[in-house]
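**Student:** Kindly return the folded structure for what I paste below:
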Amino acid sequence: MTTIKTTCSRCGDVELTTDRITLRLIADQPDGSYCFACPFCGRDQEIAAGPRVVRILQAVGVEYEIRVAPSAISEAEITTFGRALDQEDWIEGLAAS
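**Tutor:** Below you'll find the model as predicted:
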């Protein structure tokens, strides 16, 4: 099994097998991060991974999860805004704020 050398923020250099690492990717972005629990101190670590590191980790079989990028505006905020526009006096409310 492949081993990967990385760094724990507390213990320094550590070696892990691919099944001890999880790659976290954000949809439509070339970079991400990888996570692991340090085999010495047990602390959870999350380290940024550029496109090259992402490709290497995928090539050696590290499992990954894809997340959706957080939205700057929530669904609830959009719904509230849409309802406010349905009110006849919405422009006055905007001018008042």
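
**Student:** what are the ranges of the helices in the protein?
**Tutor:** 51-59, 75-86, 90-96 (DSSP state H).

**Student:** I'd like the distance between Asp31 and Leu23.
**Tutor:** 11 Å (CB to CB, to the nearest Å). Using the backbone N, CA and C atoms, a C-beta is placed for each residue, glycine as well.

**Student:** Next: Ile47.
**Tutor:** 10 Å.

**Student:** Could you check which of those two is surrounded by more residues?
**Tutor:** Just comparing Ile47 and Leu23: by other CB atoms under 10 Å the higher neighbour count belongs to Leu23, 19 against 14.

**Student:** so the more buried one makes contact with Gly61?
**Tutor:** No. Counting by CB atoms under 8 Å, Leu23 stays clear of Gly61, with 10.3 Å between them.

**Student:** which residues does Thr17 contact?
**Tutor:** Taking CB atoms under 8 Å, 6 or more residues apart in numbering, we find Thr17 in contact with Met1, Thr2, Thr3, Ile4.

**Student:** what's the burial count for the last one?
**Tutor:** Same thing as Ile4. For Ile4, using other CB under 10 Å, the count is 17.

**Student:** Just the pLDDT at Leu94, thanks.
**Tutor:** We have a pLDDT of 68 for Leu94.
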